[in-house]
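Novice: my questions are about this predicted structure, shown below with the sequence.
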Amino acid sequence: MSNAKRVVIVRAKSNPTKPNKIEFELEDEDGAIGEKLKFDKKQEMKKADHHEVTFKLETEQGVSLRFPSDKLRAMWVAKGTATKPPACPKSPAHHPDIVAHSVTANELVVHNRNPEQCLYKFALNFVKPTDTNESKLISYDPMYDNRNGGTLKSASSMLMVGVVAVGAVALIATMSLCARPERTDTQSL
C-alpha cells in the first residue's frame, strides 16, 4: 500500500466581521492558501490506497480554539457529484469516503479514500478550550475536490491507459443509457 500523507494548516485569525469573530483559512504543504483541497491519486497510488490528511490548527494571538475530543464531532462530511458540491453540513453528517481517524486538541487526522471524481463539502468543528461540555461548535466549511479513484497498477504506462479507458467507459456508459430503448408490451420479461 502506498498511502499519501499530507499536512494542511488550518489558521484561525481574529476578525470582528466574521461569525464568531473568527476567520479561517487553509494552507497546504506547498504554501497554497485557499478553500478547496484537491486530491489526485498519483501513479504510485493504487485504487485501494487513501490520502492521510492531518489538519493542524494554528491560532493567532487572541484566538483560543481546539478540536472537540470526539472525532465524529470534529468533522462532518457531505458528498456531492463530480461537478456540483453539496451544501455544507450544518449538523452531524459522515461519509465512508472521508473519515475522521483520530483527533487531539490541535490535530485532526482524516483518511480520504478518493474512490471517484467527486466534490465534498465538509465542516471542521472547533470549540473554545473553556467549553468543557463542548456544547457550542464553531464550524469552518472548506471543500474537498477528489480528482480520481487511483490506478489498478502503479506503472506509469498503465496510468495513461487507465485514463483513456476510464474516459471510454464513461462515454460508452453514457451513450448506452441515452440509447436504451423503451420496453413495449410485446417484450418478454
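Specialist: Thanks, I have it.
Novice: against Gly31, how distant is the closest residue to Phe67 other than its chain neighbours?
Specialist: Of all residues not flanking Phe67 in the chain, Ala74 sits nearest, at 4.6 Å (C-beta to C-beta, 6 or more residues apart in numbering). C-betas here are computed from N, CA, C, even on glycine. Using C-beta to C-beta, to the nearest Å, Ala74 is found at 25 Å from Gly31.
Novice: now Pro89
Specialist: Relative to Gly31, and taking C-beta to C-beta, Pro89 is found at 28 Å.
Novice: so if I had to pick from the two, which one is more boxed in?
Specialist: Pro89 (20 against 7; other C-beta atoms under 10 Å).
Novice: the more buried one against Ala123, yeah?
Specialist: Yes. The criterion here is C-beta atoms under 8 Å, and Pro89 meets it with Ala123 at 5.3 Å.
Novice: anything in contact with each of the two?
Specialist: The contact sets of Pro89 and Ala123 overlap at 76, 141 (C-beta atoms under 8 Å, 6 or more residues apart in numbering).
Novice: state the phi and psi torsions of Thr83.
Specialist: The phi/psi pair for Thr83 (degrees, to the nearest 10) reads phi -120, psi -10.
Novice: residues contacting it?
Specialist: Neighbour list for Thr83: Leu119 [criterion: C-beta under 8 Å, 6+ apart].
Novice: quick one: it from Ile33, how far?
Specialist: Using C-beta to C-beta, Thr83 is found at 24 Å from Ile33.
Novice: can you pull the buried residues of the lengthiest strand in the chain?
Specialist: If you go by DSSP state E, the chain has its longest strand at strand 4-14. For strand 4-14, a neighbour-count test (16 or more other C-beta atoms under 10 Å) marks 4, 6, 8-13 as buried.
Novice: just the C-alphas of the one helix or strand Phe126 maps to, formatted as CSV.
Specialist: Phe126 is part of strand 118-126 when elements are defined by DSSP states H and E. Output in CSV follows, covering the C-alpha atoms of strand 118-126 (Å, rounded to 0.1, in the frame of the first residue of the first chain):
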residue,chain,number,x,y,z
CYS,A,118,-16.4,13.9,-6.7
LEU,A,119,-16.8,17.2,-4.8
TYR,A,120,-17.4,17.1,-1.0
LYS,A,121,-18.2,19.9,1.4
PHE,A,122,-17.0,19.4,5.0
ALA,A,123,-17.2,21.2,8.3
LEU,A,124,-14.2,21.3,10.5
ASN,A,125,-15.6,22.0,14.0
PHE,A,126,-13.8,23.6,16.9
